[in-house]
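>>> My questions are about this predicted structure, shown below with the sequence.
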Amino acid sequence: QVQLVESGGGLLQAGGSLRLSCAASGRTFRTYAMAWFRQAPGKEREFVAGISWSGGSTFYSDSVKGRFTISRDNAKKTVWLQMNSLKPEDTAIYYCAAGSAAPRPGAHASEYLYWGQGTQVTVSS
């Protein structure tokens, strides 16, 4: 089992950068694919970025490709999401998730087993 705790959210202006962190506990962290999802008010939770257990493969939604970067350090049991050139439409609660299936673009939230509590990101215009 894996417990996940996100941090790093905040309020900032469009064009700015933010780095989210997801700290994991549990001995099996390194065996899980990891992902970031986000959920804006009134919308479904959507896939943002995913990374394989080894970190060798990464995947992004079209809306963030080229602006966001996902990375992980299995020794530190941490996953990061570096977000650059932020836009107001990036405003959402961002969730970290762990799953057994290989990550893929457009993954559904149901494909992931463990979730953090979320961290709010608000981008003003």
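Looks like it arrived, so ask away. Keep in mind that what you see is a predicted model, and the values were worked out from it rather than measured. Numbering: from 1, shown residues only.

>>> ok, residue 74 - contacts?
29, 30, 53, 55 (Cβ atoms under 8 Å, 6 or more residues apart in numbering). C-beta here means a position set from N, CA and C on the backbone, and glycine is covered the same way.

>>> check which helix or strand covers the residue with the shortest distance to the centre of the chain.
Nearest to the mean C-alpha position of the chain, by Cα atoms, centre = their mean, lies residue 36 at 2.0 Å. Secondary structure from DSSP states H and E places residue 36 in strand 33-39.

>>> Phi and psi next, for residue 90.
Backbone torsions of residue 90, given as degrees, to the nearest 10, read phi -80, psi -10.

>>> hmm, back to that, kindly reformat the contacts of residue 74 as JSON lines containing neighbour count.
Compiled in JSON lines, these are given as follows (neighbours: other Cβ atoms under 10 Å):
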{"residue": "29", "neighbour count": "23"}
{"residue": "30", "neighbour count": "15"}
{"residue": "53", "neighbour count": "19"}
{"residue": "55", "neighbour count": "15"}
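
>>> And those, which is closest to residue 96?
residue 29 (11.4 Å; Cβ to Cβ).
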